[in-house]
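K.L.:
sequence? don't have it. structure:
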């Protein structure tokens with residue numbers, strides 16, 4: 001019983017009833033003006049629905065009254081952009097009026113039927129409402145008194161559900177609107193993924209260098225080395241704070257100008273941090289790095305940063321061979337270090353996956369894995385033009 005009565009205890013049942021009654025206000029006024037032409041309001045809805053702004057108004061009403069408890073009800077709240085949307089709006093207005101007529105009829109005449117059944121059970125003597133058709137005097141009419149009320153409750157719930165379902169079909173977003181929403185969500189996911197990679201690479205590198213420097217300083221006990229380690233930690237931490245401030249500025253949409261992202265022109269800072277952490281870095285840079293497009297140079301910097309971070313994190317202060325070159329319109333970057341432990345399984349670690357993602361987004365390619373006794377990170381990025389995304 002409680003399950004059957006639960007729809008009558010929900011607020012949206014009565015907001016839907018209000019939504020169905022709204023068109024009847026116009027019909028009621030018209031019936032006082034020209035009762036012999038009841039079809040005129042339905043005909044007048046055709047040109048009204050062709051106005052683009054009407055679709056927005058109907059969508060807002062549907063959200064507020066038909067689905068007040070849903071976070072994503074699925075109604076379009078944009079003006080009609082195509083003739084298809086306008087025709088769907090016209091059809092919805094006609095359907096809404098038809099459902100309103102049925103609702104008004106049920107809400108008026110079913111209570112009247114209850115009154116007549118009560119009069120019939122009392123012998124039909126005391127009308128109370130003169131002029132109503134009488135059922136006659138029957139004692140068993142009292143048993144039928146709850147029936148019209150039950151039918152009324154069922155109709156109110158069913159008509160509300162029908163209105164909500166039809167509204168989703170007729171006022172739902174068009175194919176173009178759904179595509180625009182998907183594109184927006186895709187852009188948001190790509191941006192969030194990019195920010196996650198930025199934070200992972202920058203902060204991961206800074207923390208790795210700080211841990212390596214602090215451990216080495218404590219192990220050596222040399223004041224001069226400790227000073228150099230602290231200086232390296234300070235420099236790396238300051239760079240990480242700049243990156244963090246820039247990323248947070250993007251998230252907060254700050255109006256002030258943000259610090260630019262580092263490029264391969266600042267690769268010496270990464271090499272210095274790796275050397276200060278104890279790694280023997282053999283670096284060779286060839287080609288005109290200054291002519292590499294900004295996005296490619298910035299992503300190349302992050303790939304180099306993540307590669308050196310992985311070396312320090314997983315292999316420690318080992319010899320590292322770094323080769324960065326630009327030739328024939330391709331930026332080539334390779335980082336090699338001796339394997340000092342078990343080879344990680346494929347696809348493990350968000351850092352290696354981030355390297356491959358960065359290269360793929362620029363139309364390049366990247367590979368990571370063991371090679372001739374070394375761990376090798378190799379990336380090739382287009383250095384002349386960036387493919388459109």
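P.N.:
Structure received. Every value quoted in this text rests on a predicted model; they were computed, and no experiment measured them.
K.L.:
name the SS class of residue 219, please.
P.N.:
Here residue 219 is recorded as helix under DSSP: H, G, I helix; E, B strand; the rest coil.
K.L.:
for residue 283, what is the enclosing helix or strand?
P.N.:
Element membership for residue 283 (DSSP states H and E) is strand 280-286.
K.L.:
who are the packing partners of that strand?
P.N.:
Contacts defined by 3 or more C-beta pairs under 8 Å, 6 or more residues apart in numbering; DSSP states H and E place strand 280-286 against helix 267-276, strand 319-327. (Each C-beta comes from the backbone N, C-alpha and C, glycine too.)
K.L.:
now the angle from the first one to strand 319-327?
P.N.:
Helix 267-276 runs at 170 degrees relative to strand 319-327, counting by axes from the mean of the first three to the mean of the last three C-alpha atoms, to 10 degrees.
K.L.:
and the contacts of helix 267-276?
P.N.:
Residues from elsewhere that reach helix 267-276 (C-beta atoms under 8 Å, 6 or more residues apart in numbering): 205, 209, 213, 228-229, 232, 235-236, 239, 262, 281, 283, 285, 301, 304-305, 308, 311-312, 320, 322, 324.
K.L.:
who does the one helix or strand residue 356 maps to touch, helix- and strand-wise?
P.N.:
Element membership of residue 356 [criterion: DSSP H and E] is helix 350-361. On a contact count with 3+ C-beta pairs under 8 Å, 6+ apart, helix 350-361 meets helix 175-220, helix 294-310, strand 365-371, strand 374-382.
K.L.:
now that helix: average pLDDT?
P.N.:
Helix 350-361 shows an average pLDDT of 79 in the prediction.
K.L.:
list the buried residues of that helix.
P.N.:
Neighbour counts over helix 350-361 (16 or more other C-beta atoms under 10 Å) mark 351, 352, 354, 355, 356, 357, 358, 359, 361 as buried.
K.L.:
residues contacting the fifth one?
P.N.:
With contacts defined as C-beta under 8 Å, 6+ apart, residue 356 is in contact with 366, 367, 368.
K.L.:
make a ChimeraX selection of the buried ones in those residues.
P.N.:
Command for ChimeraX that selects the buried part of these, burial taken from 16+ other C-beta under 10 Å:
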select :366,368
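K.L.:
can you get me a residue count around residue 375?
P.N.:
24 (other C-beta atoms under 10 Å).
K.L.:
now do residue 144
P.N.:
Neighbourhood size, residue 144 [other C-beta under 10 Å]: 15.
K.L.:
do the same with residue 43
P.N.:
Residues lying near residue 43 (other C-beta under 10 Å) number 10.
K.L.:
what residues of the host helix or strand of it count as buried?
P.N.:
Element membership for residue 43 (DSSP H and E) is helix 40-49. Across helix 40-49, burial judged by 16+ other C-beta under 10 Å covers 41, 45, 49.
K.L.:
surely residue 144 is in contact with residue 118?
P.N.:
No: using C-beta atoms under 8 Å, residue 144 and residue 118 do not qualify as a contacting pair, with a distance of 10.1 Å.
K.L.:
what residues are up against residue 279?
P.N.:
Residue 279 makes contact with 308, 311, 312, 317, 318, 319, 320, according to C-beta under 8 Å, 6+ apart.
K.L.:
check those for burial and list the buried ones.
P.N.:
Buried by 16+ other C-beta under 10 Å: 308, 311, 312, 318, 320, out of those.
K.L.:
in CSV: these, plus distance to residue 268 and pLDDT.
P.N.:
Putting the buried ones among the contacts of residue 279 into CSV (distance: C-beta to C-beta, whole Å; pLDDT from 0 to 100) gives the following:
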residue, distance to residue 268, pLDDT
308, 12, 86
311, 17, 84
312, 17, 80
318, 20, 85
320, 14, 91
